[in-house]
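Student: Okay, structure incoming, though there's no sequence with it:
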């Protein structure tokens, strides 16, 4: 049975007995004395009228998805919500606006250390990592073999650490997967000189499930698919030779042990 794709980062598992690793908070982080946290009580319709971003109309769940995601690549993606477990019911429903001093980070990881400290101090967040058996997808080559388009020669743009990817005239953001994008009756997904890991991150967030890459494909490829809504599986298999098979398997999750409503 195929999982219903999750629209949005905050949309919507049996213990394997793996070792529990506590998620620590590094000491060298900026001061949080001037940080302001206010509950956002706007309706969903009103929320669409203002800019969105981390700390703007954000639930605690959404902030955890962003803050604890792997940030090694400039094309990192938030953790799927399915890989965050436990915590109080309000963690996904109450939304907050957070204001903090403008800071220029010379070390990109410093930003995420600061956010982890903020969540620990103001939300009293405590969590740990575990490995659990949970629903996932296995990504394999289809019966007819892979049909991945060879990557075209383009001039790629390189972003310095801490700089968010953005359009640069005459250059291509290689490795960025755009989509799935809804366009009238169709959906589209595209990218230039991407690697399988780039596609896997995008699919994991879209389907809200871990994706296990079994293709062993290491070369770069291009992606430019347009297909009827709800037929991604068919398009992947026919046009790319990629097959997604639902199953059960081990995946790392974050377990929220404790969280409190933020203190003024």
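Tutor: Ah, there it is. These numbers come from a predicted model, not from an experiment. Residues are numbered from 1 along each chain as shown.

Student: now the helices for the stretch 1-150 of the chain?
Tutor: 44-47, 60-67, 90-93, 108-122 (DSSP state H, counting those that start in this stretch).

Student: Turn those into JSON lines, including mean neighbour count.
Tutor: To be clear about C-beta, it is placed using only N, CA and C from the backbone, and glycine gets the same treatment. Shown next, in JSON lines, are the helices of the stretch 1-150 of the chain (neighbours: other Cβ atoms under 10 Å):
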{"stretch": "helix 44-47", "mean neighbour count": "10"}
{"stretch": "helix 60-67", "mean neighbour count": "23"}
{"stretch": "helix 90-93", "mean neighbour count": "15"}
{"stretch": "helix 108-122", "mean neighbour count": "18"}
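
Student: Of the ones you listed, which is nearest residue 218?
Tutor: helix 108-122 (25.9 Å; Cβ to Cβ).

Student: gap between that closest one and the chain center?
Tutor: 18 Å (Cα atoms, centre = their mean, to the nearest Å).

Student: which intervals of the stretch 101-250 of the chain have sub-threshold pLDDT?
Tutor: 104, 161-162 (pLDDT under 70).

Student: neighbours around residue 258, how many?
Tutor: The tally of other residues near residue 258 (other Cβ atoms under 10 Å) stands at 12.

Student: Which residues does it form beta bridges with?
Tutor: Taking DSSP bridges as the rule, residue 258 bridges to residue 126.

Student: how about the helices of the stretch 1-150 of the chain in TSV, adding distance to residue 142?
Tutor: Output for those, formatted as TSV (distance: least, Cβ to Cβ, whole Å):
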stretch	distance to residue 142
helix 44-47	39
helix 60-67	31
helix 90-93	36
helix 108-122	38
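
Student: from memory residue 228 sits against residue 183, does it?
Tutor: No. Residue 228 lies out of contact with residue 183 (Cβ atoms under 8 Å); the separation is 10.9 Å.

Student: what's the nearest residue to residue 163 if we skip its chain neighbours?
Tutor: Counting by Cβ to Cβ, 6 or more residues apart in numbering, the nearest residue to residue 163 once its immediate chain neighbours are dropped is residue 74, at 7.9 Å.
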